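In: Predicted model, plus sequence, below.
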Amino acid sequence: MTETLPTGETRPSAEAIAHFLAATRFNKDGLVPAIAQDAASGEVLMMAWMNRAALEETLSTGRVVYFSRSRNALWRKGESSGQEQHLVDLRLDCDGDTLLALVHQKGVACHTGRRSCFFQALREDALVPITAPEIDPAVLYGHAAHG
């Protein structure tokens, strides 16, 4: 059963979220990899980790939330940069150990200012950036980003 919000969006019921959580196989650290893909273009934007709380909040609110291993805390995508991700669909793979989040990406997904985190490729025996930043990371975060 889904809940229809005043905006017309739907959210899964608490029971449906519980079933999804039960089907998810978290690793020994309590995390599951989540791949974010642009729902409209199909472009793979990024990969990050979710713990149970991040997954539950993502499903219940529609705003994509990850778990930051470096900060050991929930990371609501876009909370410091404004580059939010809104969930369109969340899929669990056949083994139950990887998530695919189809999202509407507001702005860029990568902390380097690029649309996608997957911007490096082998070209003529060298690893090179194949896309340029769309926005200066200093504008997004108030300081230079690494990567």
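Out: Everything's here; your move. Computed from a prediction, not measured in an experiment: that's the story for all the values here.

In: Let me see the residues that make contact with stretch 113-127.
Out: Here stretch 113-127 makes contact (C-beta atoms under 8 Å, 6 or more residues apart in numbering) with 43-47, 105, 108-112, 128-137, 139-140, 145. From N, CA and C alone the C-beta is placed, and that goes for glycine too.

In: Could you work out the end-to-end span of it for me?
Out: Terminal residues of stretch 113-127 are spaced 19 Å apart (C-alpha to C-alpha, to the nearest Å).

In: What are the buried residues along it?
Out: Across stretch 113-127, burial judged by 16 or more other C-beta atoms under 10 Å covers Gly113, Arg114, Arg115, Ser116, Cys117, Phe118, Phe119.

In: Please name the nearest non-neighbouring residue to the first one.
Out: Spatial nearest neighbour of Gly113, chain neighbours left out: Pro133 (3.4 Å); criterion: C-beta to C-beta, 6 or more residues apart in numbering.

In: In terms of helices and strands, where is the most centrally placed residue in the chain?
Out: Against the mean C-alpha coordinate of the chain, by C-alpha atoms, centre = their mean, the closest residue is Ala36 at 4.5 Å. Ala36 belongs to strand 32-38 when elements are defined using DSSP states H and E.

In: what bits of the protein have low per-residue confidence?
Out: 1-9, 143-147 (pLDDT under 70).

In: Helices along that one, start to end?
Out: In the chain, the helices defined using DSSP state H lie at 14-23, 52-61, 137-141.

In: shouldn't the residue nearest to Gly113 be in contact with Thr112?
Out: Yes: using C-beta atoms under 8 Å, Pro133 is in contact with Thr112, at 5.9 Å.

In: Looking at the two, which one has more neighbours?
Out: Using other C-beta atoms under 10 Å, the more surrounded residue of Pro133 and Thr112 is Thr112, with 22 against 17.

In: Which residue of the protein lies farthest from its centroid?
Out: Computed with C-alpha atoms, centre = their mean, the residue of the chain farthest from its C-alpha average is Glu124, at 31.3 Å.

In: Which residue comes closest to Leu100 once chain neighbours are left out?
Out: Nearest non-adjacent residue to Leu100, counting by C-beta to C-beta, 6+ apart: Arg91, 4.4 Å away.
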